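Enquirer: Generate a structure from the sequence data that follows.
(one chain, ligands or ions: 3)
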Amino acid sequence: MEIINLSTQNSILGRFVSEIRDVNIQNDRLRFRKNLERIGEIMSYEISKTLTFAEHDVQTPLGIAPSFLHTDELVIGTILRAGLGFHHGFLNYFDYAENAFVSAYRKYRENHQSFHVSIEYIASPRLDNKVLLLTDPMLATGESMELSYHALLTKGTPRHIHIATIIASQQAIDYCKEKFPDANTTIWAAAIDPTLNAESYIVPGLGDAGDLAYGEKDS
Ligand SMILES: O=P(O)(O)OC[C@H]1O[C@H](OP(=O)(O)OP(=O)(O)O)[C@H](O)[C@@H]1O
Ligand SMILES: O=c1cc[nH]c(=O)[nH]1
Ligand SMILES: [Mg+2]
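Expert: Ligands and ions are numbered 1, 2, ... in the order given. Got it, this is the predicted structure:
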């Protein structure tokens, strides 16, 4: 399985990631959501370089221009709710893609130290032989991603899976390596952070992405 950590190269991506982490900036929800979207756009561009392309000549007013267009059928799959802005960024670039949504969230027990991931809703097209971009800004334990993937597999088997995340923990990367098919999975992360705290939040991470984007929810 290929793991691509985009933070190993300096680019404008670093500014957007820094803003969503920064306690002095991240509480501006409009900017936070916009930054998730901008990061989705940059990742789309990076992922697009791995797709299959075919030549397609275009008639301009003055002649024929050879162009190369990707031929893969794409499905952008997103885990509610923190994934919504990120999803929009992917859809801005892959505007012909189909879309899938899974509601997976960490349901905490009384002590707030342990949780189980609850999946209650899935809306997806058929996935057979398509390229699935499975997007979620946070990959902490990796459990939401794994369960969402298994829920999506009821809709068919994709040819390739790109797991796209903004901040992953090293633990989640190791977990996904174990749980996802090795040969046809690629993980893209804008940053890989070293640890999780007792409540399984990524450290240093950014806090709760869903709450920062949409406000706190009643538990
Ligand atoms: O890797 P994991 O340990 O499963 O954690 C990651 C999940 O946590 C966040 O969602 P959350 O459950 O907070 O739901 P929300 O989007 O409604 O805030 C995030 O968007 C991931 O889906
Ligand atoms: O650090 C984390 C872990 C899970 N979900 C988040 O939003 N942040
Ligand atoms: Mg959350």
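
Enquirer: so how far is the helix ranked longest in the chain from its chain's centroid?
Expert: Criterion DSSP state H: the longest helix present in the chain is helix 29-48. Taking CA atoms, centre = their mean, to the nearest Å, one finds the center of helix 29-48 at 10 Å from the center of the full chain.

Enquirer: elements contacting the helix or strand just after that helix?
Expert: Heading C-terminal from helix 29-48, the first helix or strand you meet, by DSSP states H and E, is strand 53-60. When contacts are defined as 3 or more CB pairs under 8 Å, 6 or more residues apart in numbering; DSSP states H and E, strand 53-60 packs onto strand 63-70. To be clear about C-beta, it is placed using only N, CA and C from the backbone, and glycine gets the same treatment.

Enquirer: Could you tell me the angle between the strand it packs on and helix 29-48?
Expert: Calculated by axes from the mean of the first three to the mean of the last three CA atoms, to 10 degrees, strand 63-70 forms an angle of 100 degrees with helix 29-48.

Enquirer: right, and the helix or strand after strand 63-70?
Expert: strand 74-80.

Enquirer: Please save the CA atoms from stretch 8-22 in CSV.
Expert: C-alpha atoms of stretch 8-22 as CSV (Å, rounded to 0.1, in the frame of the first residue of the first chain):
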residue,chain,number,x,y,z
THR,A,8,7.2,16.2,2.9
GLN,A,9,7.1,18.9,0.2
ASN,A,10,6.6,22.6,0.9
SER,A,11,3.7,24.1,-1.0
ILE,A,12,0.7,26.4,-0.4
LEU,A,13,-1.0,23.3,1.1
GLY,A,14,1.1,24.0,4.3
ARG,A,15,-0.6,27.3,4.9
PHE,A,16,-4.2,25.9,4.7
VAL,A,17,-3.2,23.0,7.1
SER,A,18,-1.6,25.5,9.5
GLU,A,19,-4.7,27.7,9.5
ILE,A,20,-7.1,24.8,10.4
ARG,A,21,-4.8,23.8,13.3
ASP,A,22,-4.2,27.3,14.6
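
Enquirer: picking up where we left off before, buried residues, the longest helix of the chain. List them.
Expert: Neighbour counts using 16 or more other CB atoms under 10 Å place 32-44, 46-47 of helix 29-48 among the buried residues.

Enquirer: could you give me the average pLDDT of that helix?
Expert: Per-residue pLDDT over helix 29-48 has a mean of 98.

Enquirer: How about that helix and ligand 3, any contact?
Expert: No. Using CB under 5 Å from the ion, helix 29-48 stays clear of ligand 3, coming no nearer than 12.8 Å.

Enquirer: Other residues contacting that helix?
Expert: Contacts of helix 29-48 from elsewhere in the structure, counted by CB atoms under 8 Å, 6 or more residues apart in numbering, are 4, 6, 11-13, 16-17, 19-20, 25-26, 70, 82, 85-90, 92-94, 133, 135, 137, 162, 164, 166, 188, 190, 209, 212-215.

Enquirer: so of those residues, which ones are in strands?
Expert: Applying DSSP state E to the contacts of helix 29-48, the entries found in strands are 4, 70, 133, 135, 162, 164, 166, 188, 190.

Enquirer: Could you pull up the contacting residues of residue 209?
Expert: 20, 36, 82, 137-138, 166.

Enquirer: Which of the contacts of helix 29-48 are buried, as a ChimeraX select command?
Expert: Here is the ChimeraX selection string for the buried members of the contacts of helix 29-48, based on 16+ other CB under 10 Å:
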select :6,13,16,17,19,20,26,70,82,85,86,87,88,89,90,93,94,133,135,137,162,164,166,188,190,209,212,213
